[in-house]
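Enquirer: output the structure for:
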Amino acid sequence: MRICHVITRMIVGGAQENTLLTVLDHALKGHEVLLVTGPSPGPEGELLKGARTEGVEVVAVEPSELTSESSSSDGKPRFEMTVEPSLVRAIMPFHDLAAYSALRRIFGEWKPDVVHTHSSKAGVLGRAAAWKERVSFVCHTIHGPAFHNYEKPWRNALYKAAERWAAKRCHKMFSVADAMTRQYVAAGIAPESKFKTVYSGMRVEDYASAKPDSKLRSALGIPENAPVVVTVARLFPLKGYDHLLDAAETVSKELPETRFLIVGNGILRDEIEEEAKRRGVNFVFAGLVKPGEVGRYIALGDVMAHLSLREGWPRSVVQALAAGIPAVCFDLDGAPEVVLDGETGFVLPAGDALGVAEALLRLLGDADLRQRLGCRGAEIAVERFDWRRMGDILEAEYQNGMGAAD
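Expert: This next block holds a predicted model:
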C-alpha cells in the first residue's frame, strides 16, 4: 500500500512518537510511506532530528516552502514538490487554506491508497483534502480532543463543529483510549460504530531493559538513598505541575529527602523552578531529553507521578510501568486504562493533590508494594502496548477499509 500520514508538527511528544513508530512499522512491512508535517519549533524539541526514518519520505510544510526529505537509502526516487503554504497549529485561515491546497496537491500527485491524519489541525485539513481527492481509505487518530473542560465555551463549540464536519470526511476514527471514543460520541462527533480503540504503542522493550544508572543519578545531583518521584511531561499549562507542587510540598514534610525528577521542558520552566524553591521542595530538572534516553531517567524513579489534566493517552505512564515502576495519576481521559487502581498504581480524583501525596507516601514507604504493582504494570505494558501490535492492527484496518472501498 501507499500510505500517507499527516500531522501538524513533529515535536517531542506522545502523538508524534506514536506517528513515527507507526510509519516505521509500515516501512518495515514493505509499504510505501510518506509523512507530511508542519514546522516544529519551540522548547519541546524536534522529534525527527536524529530519529530513524529509514524507508519513510518526510515532507515538511513550512511557512515559505514545502520540500521532501527522505532518509531512504534504497535508491528509490524521492517525492519532491515545492509550494508556499504553511501547516501550523494555530487557527490561521489564510495559512489553513494554503495548507489544504498543498495537501490536495500532494495527495493528487503521490496518489496514496491510505491517508491517516493525526492532531486536530492536520486532522481537519488532511481529511478534507484526502476526501476531496477520493483517497480509497481516509482515517484519523484521536490522541486527545481539542475540546475539554478547561477551554473557553466558544472555542469548544468551534472545535466540536470542526470535528463533526471532518468526521463525515473519513471512513474510520481510531482512539488511543476508550475514553476518547466516549468523549467524541457524547459530543455528537460521530456514532460509536465509526470508532475503534487502538492503544498507542511504544518500544516497551527499551523501558523494560532500563536500569538505574548511578552515574546519571550523581550527575543530576540526586543523593544515593533519596526517594525519587519522576514526572515526564512538557512544562506547559494543564500538565498538572501546580498539583504536583502541592503534593510535593506535603510529601516533603514527611520525607524531606525526596527528590522530584522532572523530565521535559517548556514555557513554564522558570515559573515552576521558582515556585519549587519558594516551597522548599527538591525539584530536579533534567530538561529536554532525547526520546531514546528517557528510559534511563525513568529508571531512576521509585514512583511515577502523572497529573496532567488533559492527556488522551499517558505514554510516560506506560513507559514507567514497562520499567516496573508504579504510577499515580488522576482519573482523567485514558490514564485509568493504564493505571489500574491498586493493581499497577493509584488513581485519584482530578485535582486531589492531597490524595496524590498520600498515595506517593504509601508507595515510597513500602518497597514490597512498589515491587508488586511494578511487576504487574510491566506485564500489562508488554502485553498491550507494544508498537508492533499497534502497527499490525492498523495495517489490518487499512486492508479491510480498502477492501470495503473496492
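Enquirer: now do the strands in the stretch 201-350 of the chain.
Expert: Secondary structure of the stretch 201-350 of the chain (DSSP state E, counting those that start in this stretch): strands located at 228-232, 259-263, 282-287, 303-306, 327-330, 345-348.
Enquirer: for this protein, where's the lowest mean pLDDT among helices and strands?
Expert: When the helices and strands of the chain are scored by mean pLDDT, DSSP states H and E, strand 66-70 comes last with a mean of 36.
Enquirer: that older thread, rebuild the strands of the stretch 201-350 of the chain as CSV, extending it with distance to Met173.
Expert: Heads up, the C-betas are built off the backbone N, CA and C, glycines and all. Converted to CSV, the strands of the stretch 201-350 of the chain look like this (distance: least, Cβ to Cβ, whole Å):
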stretch, distance to Met173
strand 228-232, 27
strand 259-263, 31
strand 282-287, 35
strand 303-306, 25
strand 327-330, 25
strand 345-348, 26
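Enquirer: and Ser193, how far from Asn400?
Expert: Counting by Cβ to Cβ, to the nearest Å, the separation of Ser193 from Asn400 is 14 Å.
Enquirer: pull up the overlap in contacts between these two.
Expert: Residues touching both Ser193 and Asn400 (Cβ atoms under 8 Å, 6 or more residues apart in numbering): none.
Enquirer: where does the stretch 201-350 of the chain have low pLDDT?
Expert: The stretch 201-350 of the chain contains no residues with pLDDT under 70.
Enquirer: one more time with 90
Expert: For the stretch 201-350 of the chain, the stretches flagged by pLDDT under 90 are 234, 238, 288, 290-292, 309-315, 332-335, 338.
Enquirer: show me the helices in this protein, by range?
Expert: 14-28, 93-110, 120-132, 153-167, 178-186, 204-208, 214-219, 241-254, 269-279, 294-298, 315-322, 353-364, 367-384, 387-405 (DSSP state H).
Enquirer: partners of Lys196 in the sheet?
Expert: Phe174 (DSSP bridges).
Enquirer: what sits against it?
Expert: For Lys196, the contacting residues are 172-175, 397, by Cβ under 8 Å, 6+ apart.
Enquirer: looking at the residues you listed, which is nearest Pro336?
Expert: Using Cβ to Cβ, the shortest approach to Pro336 within those belongs to Ser175, at 14.4 Å.
Enquirer: pull the contacting residues for the closest one.
Expert: Shown in contact with Ser175 (Cβ under 8 Å, 6+ apart): 141-142, 181, 184, 195-198.
Enquirer: of the residues you listed, which pair is most distant in space?
Expert: Most distant of those, by Cβ to Cβ, are Tyr184 and Val198, 14.3 Å apart.
Enquirer: out of the strands of the stretch 201-350 of the chain, which comes closest to His26?
Expert: His26 lies closest, by Cβ to Cβ, to one member of the strands of the stretch 201-350 of the chain: strand 228-232, at 26.6 Å.
Enquirer: now for that closest one, which elements pack on it?
Expert: The contact analysis (3 or more Cβ pairs under 8 Å, 6 or more residues apart in numbering; DSSP states H and E) places strand 228-232 against helix 241-254, strand 259-263, helix 294-298, strand 303-306, helix 315-322.
Enquirer: between strand 259-263 and it, find me the angle.
Expert: Angle of strand 228-232 versus strand 259-263, following axes from the mean of the first three to the mean of the last three Cα atoms, to 10 degrees, is 20 degrees.
Enquirer: buried residues in strand 228-232, which are they?
Expert: By 16 or more other Cβ atoms under 10 Å, the buried positions in strand 228-232 come out as 228-232.
Enquirer: turn those residues into a markdown table, columns for distance to Thr22.
Expert: As requested, the buried residues of strand 228-232 are exported to a markdown table (distance: Cβ to Cβ, whole Å):
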| residue | distance to Thr22 |
| --- | --- |
| Val228 | 32 |
| Val229 | 31 |
| Val230 | 26 |
| Thr231 | 26 |
| Val232 | 21 |
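Enquirer: who's in contact with stretch 16-29?
Expert: With Cβ under 8 Å, 6+ apart, stretch 16-29 has contacts from 1, 3, 5, 7, 9-10, 33, 35, 47-48, 51-56, 116, 118, 141, 143, 176, 200-203, 291, 313, 315, 387-388, 390-391, 394-395.
Enquirer: so who does Val33 touch?
Expert: 3-5, 23, 26-27, 55-57.
Enquirer: now, among these, which is nearest to Leu300?
Expert: Using Cβ to Cβ, Val23 is the member of those that lies nearest Leu300, at 30.8 Å.
Enquirer: any idea how far the closest one is from Val58?
Expert: Going from Val23 to Val58 by Cβ to Cβ gives 9 Å.
Enquirer: go on, Gly401?
Expert: Taking Cβ to Cβ, one finds Gly401 at 24 Å from Val58.
Enquirer: can you count the residues close to Lys211?
Expert: Lys211 has 10 neighbours, counted by other Cβ atoms under 10 Å.
Enquirer: ramachandran angles for it?
Expert: phi -130, psi 150 (degrees, to the nearest 10).
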